[in-house]
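Enquirer: Sequence and predicted model, in that order:
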Amino acid sequence: MKIDLAKAVLLVMDVQNDMVRRFLPSDPQFLVRLSGVIQHARAAAIPVLYIVVEFRPSLPEVVDRGYFADVKKSGKLISGTPEVMVHPAIAPKTNDIIVTKRRISSFAGSDLEVVLRGLNRDLLILTGISTSGVVLSTYREAFDKDYSLVVIADACVDNDQEVHRVLVEKIFPRHGIVLTAAEFAQAIR
């Protein structure tokens, strides 16, 4: 499988300090593999977009019900706090793009589509925390928006290994390509 480098963009989603703290115990080598994927993408001139979730200090984007109600109670994921910073092991470089979102999907409450249009890119390579959260939500919305999709299975992590396995083995292959980090490195050479 060969990836069209002229159409590809790498999305590094929700690999923020708070998420790493909560999800890393399920796969201690995750950041090492993800760092390799990012380095290979940069070497192949694939734009790297970091997707981060954060909220304004008064949390006007968050209602008192639903998934983010706990975020409101905890006061986490507030702009400018250490919890929302991209983990230093995979920190953005000068030419990387940071996209801020306000919900689970990378498209929700962000300017991701504007950036993708400006870059003229329609092949999304998905990585991040968590497979059943941002990766799945972004995958479904991107498919519905007619983007081509690649998921790097071992550059995604989830606390539920069975859910991760079902997604990367059964769900994601239906509308996209699933590769390992090593297969991705081969595909962009």
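Expert: Cool, got the structure.

Enquirer: Let me know the secondary structure of C156.
Expert: Following DSSP: H, G, I helix; E, B strand; the rest coil, the label given to C156 is strand.

Enquirer: Could I have the CA atoms of stretch 153-167 written out in CSV?
Expert: What follows is stretch 153-167, C-alpha atoms only, in CSV (Å, rounded to 0.1, in the frame of the first residue of the first chain):
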residue,chain,number,x,y,z
ALA,A,153,-3.7,1.0,15.0
ASP,A,154,-0.7,0.9,17.4
ALA,A,155,-0.5,4.8,17.4
CYS,A,156,-4.0,4.8,19.0
VAL,A,157,-4.6,3.7,22.5
ASP,A,158,-7.7,2.9,24.7
ASN,A,159,-8.1,1.7,28.2
ASP,A,160,-10.4,-1.1,27.0
GLN,A,161,-8.2,-3.4,24.9
GLU,A,162,-11.2,-5.4,23.5
VAL,A,163,-12.9,-2.2,22.3
HIS,A,164,-9.6,-1.1,20.7
ARG,A,165,-9.2,-4.5,19.0
VAL,A,166,-12.8,-4.5,17.6
LEU,A,167,-12.4,-1.0,16.3
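
Enquirer: Mind listing what's buried along it?
Expert: Buried residues in stretch 153-167, counted by 16 or more other Cβ atoms under 10 Å: A153, D154, A155, C156, V157, D158, N159, H164, L167. For glycine as for every other residue, the C-beta is placed from the backbone atoms N, C-alpha and C.

Enquirer: where are the low-confidence patches of this protein?
Expert: 1 (pLDDT under 70).

Enquirer: hey, where'd the strands end up in it?
Expert: 8-13, 48-53, 97-101, 123-129, 148-157, 177-179 (DSSP state E).

Enquirer: Give me the sheet partners of the fourth one and which way each runs.
Expert: Strand 123-129 has the following strand partners under DSSP bridges: strand 8-13 (parallel), strand 148-157 (parallel).

Enquirer: Make TSV out of the buried residues of stretch 153-167 and add distance to I177.
Expert: Conversion of these to TSV gives the following (distance: Cβ to Cβ, whole Å):
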residue	distance to I177
A153	10
D154	14
A155	14
C156	14
V157	19
D158	19
N159	25
H164	17
L167	14
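
Enquirer: which among those gets closest to K7?
Expert: The shortest approach to K7 among the buried residues of stretch 153-167 belongs to A155, at 19.3 Å (Cβ to Cβ).
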